[in-house]
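*Asks:* give me a model of this one.
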Amino acid sequence: MPKSTFFHLSEEKQLRLLEAASIEFSRVALKEASIANIVKLAEIPRGSFYQYFEDKEDLYYYYFDLLSQDRKSEITKCVQESDGDLFDGMENYFSKFALEVLSGPHAGFYKHFYMENDYRSMVRISPELQTIKKKSEKSQKKRHGHQLYNLIDRSKLKIADEKEFKMVMEILMNIAFTSIVEGYQKDDDSLKKDSNEIINDFKIKLNWIKNGLSK
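*Replies:* Numbering: from 1, shown residues only. Next up is the predicted model:
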């Protein structure tokens with residue numbers, strides 16, 4: 001998270017720094033990103049950068065968090081529109097999500113994110129998979145995963161409790177993660193053309209989980 005001094009900046013300066021982050025993190029992966037390039041694009045002294053963020057990783061994950069703000073509400077919306085059916089909700093969600101990350105305005109950033117990070121990194125930033133330990137019951141109930149658990153129609157799932165629901169979500173998010181990576185492994189020119197194929201492949205995998213592979 002940014003330091004408090006970042007939030008004391010004017011909105012124009014905040015946006016300028018975030019736009020610089022967008023350009024640099026879309027150009028190269030995090031490990032290759034240059035703070036020098038970011039401060040140059042943002043037109044701020046290098047020393048000022050460290051008044052706002054601990055390091056480039058701090059800025060990177062904050063920027064990703066901003067891009068992901070609508071993700072939780074979109075998953076909730078899709079599940080609600082599917083009358084609590086988790087699989088139908090995830091299918092609808094992925095159809096929108098895949099188009100956004102593969103060919104949307106931030107596709108460059110997402111490409112480096114998905115290609116350079118492994119699934120453990122996704123768990124780190126995925127609110128559906130995180131478990132808050134040694135926190136109050138009130139804090140647990142605020143988690144999106146907990147809210148989603150209460151929203152789904154559990155009569156359609158062979159799960160005993162919220163722990164098993166978390167395991168199911170890990171499987172579903174892993175499928176989504178690998179499906180996106182497979183999409184980015186295609187030629188850039190074919191991403192938009194093949195997005196429907198990527199979405200269809202996800203639906204096939206989702207159906208295997210839903211109905212099983214045994215005849």
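*Asks:* mind listing the helices for this structure?
*Replies:* Secondary structure of the chain, counting by DSSP state H: helices at 4-7, 11-27, 35-42, 46-52, 56-67, 69-81, 86-103, 107-116, 119-125, 137-142, 144-151, 162-184, 191-211.
*Asks:* mind putting the ones you listed in TSV, mean neighbour count and mean pLDDT included?
*Replies:* Yep, even glycine has a C-beta here, placed from its N, CA and C like the rest. What follows is the helices of the chain, written out as TSV (neighbours: other CB atoms under 10 Å; pLDDT from 0 to 100):
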stretch	mean neighbour count	mean pLDDT
helix 4-7	12	96
helix 11-27	17	96
helix 35-42	17	97
helix 46-52	15	96
helix 56-67	17	92
helix 69-81	15	88
helix 86-103	20	92
helix 107-116	18	88
helix 119-125	14	53
helix 137-142	10	51
helix 144-151	17	89
helix 162-184	17	90
helix 191-211	15	86
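*Asks:* nearest the geometric middle of the chain, what residue?
*Replies:* Ser68 (5.5 Å; CA atoms, centre = their mean).
*Asks:* ok, it to Tyr50 distance?
*Replies:* Distance from Ser68 to Tyr50, counting by CB to CB, to the nearest Å: 25 Å.
*Asks:* before we move on, the earlier item: confidence score at the residue nearest to the centre of the chain?
*Replies:* Per-residue pLDDT puts Ser68 at 81.
*Asks:* just confirm Ile199 contacts Ser95, I think it does.
*Replies:* Yes: counting by CB atoms under 8 Å, Ser95 is a contact partner of Ile199 at 5.2 Å.
*Asks:* leaving out sequence neighbours, find the closest residue to Ala36.
*Replies:* Leaving aside its sequence neighbours, Ala36 sits nearest to Arg46 (CB to CB, 6 or more residues apart in numbering; 6.9 Å).
*Asks:* pretty sure the one you found contacts Ser34?
*Replies:* No: applying CB under 8 Å, one finds Arg46 not in contact with Ser34, separated by 10.7 Å.
*Asks:* for the closest residue to Leu86 other than its chain neighbours, give me its contacts.
*Replies:* The shortest distance from Leu86 to any non-neighbouring residue, by CB to CB, 6+ apart, is to Ile152 (4.8 Å). Listed by CB atoms under 8 Å, 6 or more residues apart in numbering, the contact partners of Ile152 are 79, 84-86, 89, 165.
*Asks:* quick one on the thing from earlier: separation between the residue nearest to Ala36 and Phe7?
*Replies:* Taken as CB to CB, the span from Arg46 to Phe7 is 20 Å.
*Asks:* ok, Leu213 next?
*Replies:* Distance of Leu213 to Phe7, computed by CB to CB: 50 Å.
*Asks:* hmm, Asp88 and Asp153 touching each other?
*Replies:* No: counting by CB under 8 Å, Asp153 does not reach Asp88; the two are 9.9 Å apart.
*Asks:* would you list the phi and psi of Ser68?
*Replies:* When quoted as degrees, to the nearest 10, the phi and psi of Ser68 stand at phi -100, psi 0.
*Asks:* roughly how far does it sit from His8?
*Replies:* Distance from Ser68 to His8, counting by CB to CB: 24 Å.
*Asks:* who touches stretch 55-75?
*Replies:* 1-2, 17-18, 21-22, 25, 30, 33, 35, 38, 52-53, 89-90, 93, 96-97, 106, 109, 113, 125, 127-128, 144, 148.
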